[in-house]
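1. My questions concern the predicted model and sequence given below.
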Amino acid sequence: MVLHKFGEKLYSGLVSTMTSHLKDISKFIEAAQGGLFLEELNRKWADHNKALQMIRDILMYMDRTFIPSTHKTPVHELGLNLWRDNIIHSSKIQTRLLNTLLELVLRERNGEVINRGLMRNIIKMLMDLGSSVYQEDFEKPFLEVSADFYRVESQKFIECCDCADYLKKAERRLNEEMERVSQYLDAKSEVKITNVVEKEMIANHMLRLVHMENSGLVNMLLDDKYDDLGRMYNLFRRVPNGLSTIREVMTSHIRDTGKHLVTDPERLRDPVEFVQRLLDEKDKYDKIIGSAFNNDKTFQNALTSSFEYFINLNPRSPEFISLFVDDKLRKGLKGVSEEDVEIILDKVMMLFRYLQEKDVFEKYYKQHLAKRLLSGKTVSDDAERSLIVKLKTECGYQFTCKLEGMFTDMKTSQDTMQGFNSAHGADLGDGPTLAVTVLTTGSWPTQPSVTCNLPTEMLALCEKFRSYYLGTHTGRRLTWQTNMGTADIKATFAKGQKHELHVSTYQMCVLMLFNNADRLSYKEIEQATEIPASDLKRCMQSMACVKGKNVLRKEPMSKDIGEDDVFFVNDKFTNKLYKVKIGTVVAQKETEPEKQETRQRVEEDRKPQIEAAIVRIMKSRRVLDHNNLIAEVTKQLQSRFLANPVEIKKRIESLIERDFLERDNVDRKLYRYLA
Amino acid sequence: MIEKVALHALKASDWHLEGAFDVFYSQPQIKAFTDSRHLEELYSRYKDQYVDMIMADGISVLCNDLQVDPQDIVMLVVSWHMKAATMCEFSKQEFIGGLQALGIDSLEKFRERIQFMRTELKDEQKFREIYNFAFGWAKEKGQKSLALDTAIGMWQLLFAEKQWALVDHWCQFLQARHNKAISRDTWSQLLEFAKTVDPSLSNYDAEGAWPYLIDEFVEYLNENNIIQKGQPIDWSQKR
């Protein structure tokens, strides 16, 4: 017909024929009852498609020639459009189709099994009719209805479920929807429907879930509920601000717990336990972030900043961390494998990094190290050195060079003693043996010089050593540090008990006096030894008032040492062991006055450091304004301590006084470097 | 000759008398107009018996001659002109040189000039110079800082001249809290403070690079509720 120029007639004939046919079909379908509606629709659709195929084949010539030249819709497409207009969009079918589909979805959501194959076909039909048909006739309403459904359901759940259960339900629904899409919806609908679920079930209830009493985020953290936390993480990351919400709550919780930890007086009684608790907390959260939060870097950073915050709330943290290390190096690491030692030291380093006042730590560490070295009490030399290396890597050579100097002194002293003994060994004979450690001033913590009269037996020997040493090291000056030494004395008591007593040098001086007197008053002892009163009282106390160590007897028998007390050798002294240790020089938590003193020394040490930084900066910048100078100085000193701007200002003024700097004539906020 | 110069000065300063004085006295030729013999006479009148300098007694006589109280601030201005190194004494060079530069060779001229010197204190720039000069002049020889008592005395004197509402509080504060000598920087910065910061402290800038002592002073004023401001400074924010 086309060839004979009847194309138009053919085409319009096709249209009208098909249209009226479809109208009949439509009535047929409308008549279908209940469940059969969809089936009929499906069947008729299949028929239609088959028919379309055939029609297209038959009218292929028209399709290829007449239609393109007249810009008419091709046959197949025409067939689809007519189906769409006469069936799908027919007033009796359109709404009913949508409602049927939505009802099936609802039933499936409520647990019923539906005919998925049928659904798939119908949906595919809509998709074939054009994406706008799918979207307008199904997807949009589907999403709206789903939103309502989940809004209601989430409200119901949140009233009756605890957080973990709710999250499980939400997760299940999410998975369901994704499965639904893969089974019978357009793949492009997946992200849209999941967004709906995420919004209704998660985003709208986020805060309520996180803060739920007894089951919310904080509870999960406390109870290490890795699965629940992981689920929360995975669900929340799907919604805007989800992760930041979790992170914020976690951060404020850690900060609060941390704050309580560092300010709780109970905890602060035992420094070692205090630090162990800190390490435990860190381990706990590392594990949570690792297993549940996907090692999320932002969470790790939040953890770090929280620790930095609360560790520095307690000004004694540096001291306590050093005491913890001291405890470990003294005995805690006994029998521990090398790898485990490294792990513990690395953990300590991590806490160290959080400290703002690293210079305070350095001061205490030096003190404690000195005590360990001098008493020979370190468990492992390798462990000590390993930690020094870690500190050096973290803070640079300046931080550790003095510490290393202390180790060198120990080694050198051993060599010196060898030399001394081989040179003078013969003359010493039966006399007391001397072991000297020579400390280079500056490397070791500064000690005030003290008075102490050594017993005559020791004096000669000490002098011998002094002249030996100065003989090989001219130009040096030696001062005996009697407050840091120890002595081993063999004692025989009245009933013949023999013991070897390990005492401090002070105690040795006191005990030796009793070789020449049976009875000595406190005042006499003080006069003879010239040991400073507070130290003397302390060392007398450990020898007279402590059970098992009371080699001396005191009258009166009070706990404290009074000026009028009198002392005797305790004839009734007993101890199961032959070797008795009295008064070891162990590192301890400082007393209040000691703490003040250390703090003062730290502050004093900071002043020249601040000045050096100011001079360095001004020398290179030549001219700099006040606020920038303060900022730069603070930045330069950050790795050691947090510089106080008021202190910086005072240092600037001091430098102005000493003509290192001047104020600019015109702008008084500007400083100029004076060469 | 003097008339010519006078006319010139008046013309240069647009016929303003004070300005004319400035022009007149700043001209170097003036030196030539002083009679060096008269100056020697004047010097010997005040010179100390034992030392070749004018000391406290001599200064008393001078003040008497000038009909000026020795505590009068104008004597500070005189010292400034003479570039005197220390208070209560003038070296021969300072005295004679100073008078020459001022064009004074008689007591009469000196008395006249006193009036002018008082007006110099009203000039902002000159006051600042005189104020800063006062530090070096009032402090002990060989010391870097100015003793607190002397400083307070000087401040009372100077700020009577140039009104500053907080001067008494400042002095009280120093006696209560500081009790140490005053550095040169603090001295000079105090004038800036008095000039730029208003007595209610409304425009005080905590980050304004003021010497620490002045910051402490502000804290003191706030602590003791001496300052009633619309907006108190929030010290909890100052690190």
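-> Cool, got the structure. Residues are numbered from 1 along each chain as shown, chains lettered A, B, ... in the order given.
2. Which SSE is immediately downstream of the lengthiest helix in chain A?
-> The single longest helix within chain A, with elements called by DSSP state H, is helix A:397-428. Following helix A:397-428 in sequence order, the next helix or strand is helix A:456-472 (DSSP states H and E).
3. So whatever residue of chain B ends up closest to chain A versus residue B:189, what's the distance?
-> Nearest residue of chain B to chain A: residue B:209, at 3.5 Å (C-beta to the nearest C-beta). C-beta here means a position set from N, CA and C on the backbone, and glycine is covered the same way. Distance of residue B:209 to residue B:189, computed by C-beta to C-beta, to the nearest Å: 9 Å.
4. Now do the shared contacts for these two.
-> Residues touching both residue B:209 and residue B:189 by C-beta atoms under 8 Å, 6 or more residues apart in numbering or on different chains: residue A:668.
5. Kindly report the residues of chain B close to chain A.
-> B:144-145, B:183-186, B:189, B:192, B:207-209, B:211-212, B:215, B:239 (C-beta under 8 Å from any C-beta of the partner chain).
6. filter these to the buried ones?
-> Burial by neighbour count, 16 or more other C-beta atoms under 10 Å in any protein chain shown: within those this picks out B:145, B:183-186, B:189, B:208-209, B:211-212, B:215.
7. Just these: which are in helices?
-> Short answer: these in helices (DSSP H) are B:184-186, B:189, B:212, B:215.
8. need the buried ones among the residues of chain B next to chain A in TSV with pLDDT, can you?
-> Formatted as TSV, these follow (pLDDT from 0 to 100):
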residue	pLDDT
B:145	91
B:183	92
B:184	92
B:185	92
B:186	93
B:189	93
B:208	83
B:209	88
B:211	92
B:212	91
B:215	92
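9. Run a quick neighbour tally on residue 194.
-> In the absence of a named chain, chain A is used. Look at residue A:194: counted by other C-beta atoms under 10 Å in any protein chain shown, it has 17 neighbours.
10. try again with chain B
-> For residue B:194, the tally of surrounding residues (other C-beta under 10 Å) stands at 21.
11. sorry, back to before: tell me which two of the buried ones among the residues of chain B next to chain A sit farthest apart.
-> B:145 and B:208 (22.8 Å; C-beta to C-beta).
12. Identify each buried residue in the strand or helix carrying residue A:597, please.
-> Per DSSP H and E: residue A:597 is located in helix A:592-621. For helix A:592-621, burial by neighbour count (16+ other C-beta under 10 Å) applies to A:598-599, A:602, A:606, A:609-611, A:613-614, A:617-618.
13. Stretch A:65-74 too?
-> Residues of stretch A:65-74 classed as buried: A:66-67, A:72 (neighbour count, 16+ other C-beta under 10 Å).
14. before we move on, what about stretch A:416-428?
-> Buried-residue list, stretch A:416-428, by 16+ other C-beta under 10 Å: A:416-417, A:420.
15. which residues sit against that stretch?
-> Here stretch A:416-428 makes contact (C-beta under 8 Å, 6+ apart) with A:435-436, A:438, A:461, A:464-465, A:468-469, A:472.
16. Tell me, what's the model's pLDDT at residue 151?
-> You didn't say which chain, so I picked chain A. Looking at residue A:151, its pLDDT reads 94.
17. I was thinking of chain B, sorry if that wasn't clear
-> What the model reports as pLDDT for residue B:151 is 93.
18. and after the host helix or strand of it, which helix or strand comes next?
-> In this assignment (DSSP H and E), residue B:151 forms part of helix B:148-161. Using DSSP H and E, the helix or strand that follows helix B:148-161 in sequence is helix B:167-173.
19. interface residues of chain A facing chain B?
-> A:625-627, A:644-646, A:649-650, A:653, A:656-657, A:663, A:668-669.
20. And the helices in chain B?
-> With DSSP H as the criterion, chain B has helices at B:2-12, B:17-25, B:36-46, B:56-66, B:74-82, B:92-102, B:107-120, B:124-138, B:148-161, B:167-173, B:184-196, B:212-223.
21. Where does pLDDT dip in the chain?
-> Unless you meant another one, I'm taking chain A. Confidence mapping of chain A against pLDDT under 70 gives the ranges A:1-3, A:428-430, A:584-587.
22. The chain in question should be chain B.
-> In chain B (pLDDT under 70), the answer is B:1-10, B:12-34, B:228-239.
23. Run a quick neighbour tally on residue A:53.
-> Neighbours around residue A:53, by other C-beta under 10 Å: 12.
24. check contacts around residue B:126.
-> residue B:120.
25. let's go with 10 Å and repeat that
-> B:22, B:77, B:80, B:117, B:119-120 (C-beta atoms under 10 Å, 6 or more residues apart in numbering or on different chains).
26. Save those as CSV, and put in neighbour count too.
-> Output for the contacts of residue B:126, formatted as CSV (neighbours: other C-beta atoms under 10 Å in any protein chain shown):
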residue, neighbour count
B:22, 18
B:77, 23
B:80, 20
B:117, 21
B:119, 13
B:120, 19
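27. okay, these in JSON lines with distance to residue A:673 next?
-> Compiled in JSON lines, the contacts of residue B:126 are given as follows (distance: C-beta to C-beta, whole Å):
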{"residue": "B:22", "distance to residue A:673": "37"}
{"residue": "B:77", "distance to residue A:673": "35"}
{"residue": "B:80", "distance to residue A:673": "30"}
{"residue": "B:117", "distance to residue A:673": "38"}
{"residue": "B:119", "distance to residue A:673": "39"}
{"residue": "B:120", "distance to residue A:673": "35"}
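28. ok, so of the residues you listed, who is nearest residue A:560?
-> Among these, residue B:80 lies closest to residue A:560 (C-beta to C-beta), at 68.0 Å.
29. so the residue of chain B closest to chain A touches residue A:649, yeah?
-> Yes: between residue B:209 and residue A:649 there is a contact at 8.1 Å, judged by C-beta atoms under 10 Å.
30. count of neighbours near residue B:104?
-> Neighbour tally, residue B:104, other C-beta under 10 Å: 23.
31. ugh, wrong one, I meant residue A:574
-> 11.
32. Check the gap between the residue lying closest to it once chain neighbours are set aside and residue A:580 for me.
-> The shortest distance from residue A:574 to any non-neighbouring residue, by C-beta to C-beta, 6 or more residues apart in numbering or on different chains, is to residue A:497 (6.6 Å). Residue A:497 sits 10 Å away from residue A:580, going by C-beta to C-beta.
33. Show me the common contact partners of those two, please.
-> Jointly contacting residue A:497 and residue A:580 under the rule C-beta under 10 Å, 6+ apart are A:491, A:573.
34. These two: who's more crowded?
-> Between residue A:497 and residue A:580, counted using other C-beta under 10 Å, the more crowded position is residue A:580 (17 against 14).
35. my guess is the more buried one is in a helix, correct?
-> No: the assignment for residue A:580, made by DSSP: H, G, I helix; E, B strand; the rest coil, is strand rather than a helix.
36. any idea how far it lies from residue B:79?
-> Residue A:580 sits 80 Å away from residue B:79, going by C-beta to C-beta.
37. Same check on residue A:198?
-> Distance from residue A:198 to residue B:79, counting by C-beta to C-beta: 85 Å.
38. try residue B:174
-> The spacing between residue B:174 and residue B:79, counted by C-beta to C-beta, is 24 Å.
39. Residue A:645 too?
-> The gap separating residue A:645 from residue B:79 is 39 Å, by C-beta to C-beta.
40. hmm, back to that, ok, the ones in helices among the buried ones among the residues of chain B next to chain A vs residue A:519, which is closest?
-> Residue A:519 has its nearest neighbour among these in residue B:212, at 59.7 Å by C-beta to C-beta.
41. hmm, back to that, pretty sure the residue nearest to residue A:574 is in contact with residue A:576, am I right?
-> No: contact between residue A:497 and residue A:576 fails when scored by C-beta under 10 Å: they sit 11.2 Å apart.
42. would you turn the buried residues of helix A:592-621 into TSV with distance to residue A:153?
-> Below are the buried residues of helix A:592-621 laid out as TSV (distance: C-beta to C-beta, whole Å):
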residue	distance to residue A:153
A:598	63
A:599	61
A:602	62
A:606	62
A:609	64
A:610	63
A:611	69
A:613	63
A:614	66
A:617	64
A:618	68
